[in-house]
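Undergrad: Structure of the sequence below:
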Amino acid sequence: MYRTTQDVIEIRRWAEQHGARPCRDGETGRLALALPGQGGCDVGWDEFEPSFLTGHGVFVYDDAPGHPRCFVGSVAEAREFLCGGAAAGPGAV
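TA: From the prediction side, this is the model:
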């Protein structure tokens, strides 16, 4: 089941539970969370959190056991992700 949040504490908790790290997409520079084995330019929480908050980002994540999947983007992009349109786009994991 997908959930959404703009709470950086919840985002960090989810990331730590799934071994994800804050990063930027190498091609677009967009914020993302990279799961183990995925690329991206690591940025650290001290850059991720303020950028996420000032950009009015939304974090979408799947809380089903064994199926970590997440997306970082705008509200409109999050809606598209949830409808299946941005599943392979930037910020989607």
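Undergrad: next structured bit after the helix or strand where Val72 lies?
TA: Using DSSP states H and E, Val72 sits in strand 70-73. The first helix or strand that comes after strand 70-73 along the chain, using DSSP H and E, is helix 75-82.
Undergrad: buried set for that following helix?
TA: Glu77, Ala78, Glu80, Phe81 (16 or more other Cβ atoms under 10 Å). To be clear about C-beta, it is placed using only N, CA and C from the backbone, and glycine gets the same treatment.
Undergrad: Mind picking the one among the residues you listed that's closest to Pro65?
TA: Phe81 (20.7 Å; Cβ to Cβ).
Undergrad: Just give the nearest non-adjacent residue to the closest one, would you?
TA: Using Cβ to Cβ, 6 or more residues apart in numbering and skipping the chain neighbours, the partner closest in space to Phe81 is Phe71 (4.5 Å).
Undergrad: got the CA positions of the strand holding Val72 in CSV?
TA: The C-alpha trace of strand 70-73 is given here as CSV (Å, rounded to 0.1, in the frame of the first residue of the first chain):
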residue,chain,number,x,y,z
CYS,A,70,9.6,5.2,-3.3
PHE,A,71,9.3,8.5,-5.2
VAL,A,72,10.4,12.0,-4.4
GLY,A,73,8.9,14.9,-6.3
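Undergrad: so what's Ala15 up against?
TA: Contacts here follow Cβ atoms under 8 Å, 6 or more residues apart in numbering; on that basis Ala15 touches Arg21, Pro22, Leu33.
Undergrad: how about those residues in a markdown table, adding distance to Asp42 and pLDDT?
TA: Output for those, formatted as a markdown table (distance: Cβ to Cβ, whole Å; pLDDT from 0 to 100):
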| residue | distance to Asp42 | pLDDT |
| --- | --- | --- |
| Arg21 | 6 | 96 |
| Pro22 | 7 | 97 |
| Leu33 | 11 | 95 |
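Undergrad: Now tabulate those in JSON lines and tack on secondary structure and neighbour count.
TA: Output for the contacts of Ala15, formatted as JSON lines (DSSP: H, G, I helix; E, B strand; the rest coil; neighbours: other Cβ atoms under 10 Å):
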{"residue": "Arg21", "secondary structure": "strand", "neighbour count": "19"}
{"residue": "Pro22", "secondary structure": "strand", "neighbour count": "24"}
{"residue": "Leu33", "secondary structure": "strand", "neighbour count": "24"}
